[in-house]
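A.B. asks: Starting from these lines, generate the structure:
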Amino acid sequence: MAYAAVRTLIEKLSSQPDLHASLRLAPDGTVLGRFYEFELASGFQPVVRIDTRTVAGYDAYARSHATDGDVISPWGLFSRAADDATLVRLDRLCRLVHTLNYFSKADATHPLYLRVHGRLLAAITHDHGQAFRRMVEALGVPPARIVLQLPGEAAQDVLLAGMILGNYKKAGFLSGVHANNVGEAQSLLHLHAPEVIKLDLRTVADPEHELPPLLEAAAGLSCQVVFKRVEDEASLARLAALGAQYAQGYLFGAPSASLAQPSPRAGAGHDPPSAQGPA
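C.D. replies: Below is the predicted model of the structure:
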């Protein structure tokens, strides 16, 4: 997506303004979202292939602050959306900001991982992903370059998760889900066969016992298991020894407005930032 196309899109949207949601182009070319008195920006953290430490994709994180400069967490911002209609607009604005910021970069050659807020899933009764599909196709972005990820709470509702993941696939997106533990990851894998499962490494009590069956089953279904919160070399080496292929965490660098390459020891020991639910 060319810079000129982004500017044209923003000008078009600005000519039909939403009183509470809008976009603007910063002097450095970054797209910023405006929602009431808050401004939204994007950060991207690499998803890394463990064996080569090369980028396999980028996960989008929202950064938000009030127009008076006070920082507010994305979760805090979403908690202010008192009704479903407001939350749906905020969720879609975040994903649009991330999509514009990512695909306008010349080096955006890998899949973009976007979260969907749990409340939005209940607010929309059918055809999940269709509105966003129309949006990204209008931008010239193939839906297959985007992974739409369900949050862990949505994964616990088997029927809802199955319907939504099926809708995402029907719309042409890659489907992803955050599992709360290894057992849930196994269930989601066999029930829904998503393209991506995210699993927090801290929830795995006994990796040598728990992970081999999951990784074997995932390989058979062509599912990418990404281990989150990988923050030190010892954890990465342990995953590599078990045959894990993908990891994400501060070990490879903090989310950045630029598409940073993995920096294996950057930020080790820091707490990861809170991820934005509907990124």
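A.B. asks: before we move on, which element is the residue nearest the centre of the chain in?
C.D. replies: Among the residues of the chain, the one closest to the centroid is Leu114, at 2.7 Å (CA atoms, centre = their mean). Element membership for Leu114, per DSSP states H and E: strand 112-115.
A.B. asks: So Pro143 sits against Lys169, correct?
C.D. replies: No. Counting by CB atoms under 8 Å, Pro143 stays clear of Lys169, with 9.8 Å between them. Where C-beta positions appear, they are placed from N, C-alpha and C, glycine not excepted.
A.B. asks: can you list residues touching both of those two?
C.D. replies: Shared contacts of Pro143 and Lys169, defined by CB atoms under 8 Å, 6 or more residues apart in numbering, are absent.
A.B. asks: Just confirm the residue nearest to the centre of the chain contacts Arg145, I think it does.
C.D. replies: No. Assessed by CB under 8 Å, Leu114 is found out of contact with Arg145, at 10.8 Å.
A.B. asks: where does the stretch 151-279 of the chain dip in pLDDT?
C.D. replies: 263-279 (pLDDT under 70).
A.B. asks: All the helices of it, in order from the start?
C.D. replies: In the stretch 151-279 of the chain, the segments counted as helices under DSSP state H, counting those that start in this stretch are 152-155, 158-170, 182-192, 207-220, 233-241.
A.B. asks: As a markdown table, those with mean neighbour count and distance to Ala108 would be great.
C.D. replies: Shown next, in a markdown table, are the helices of the stretch 151-279 of the chain (neighbours: other CB atoms under 10 Å; distance: least, CB to CB, whole Å):
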| stretch | mean neighbour count | distance to Ala108 |
| --- | --- | --- |
| helix 152-155 | 19 | 27 |
| helix 158-170 | 18 | 20 |
| helix 182-192 | 18 | 28 |
| helix 207-220 | 15 | 26 |
| helix 233-241 | 15 | 25 |
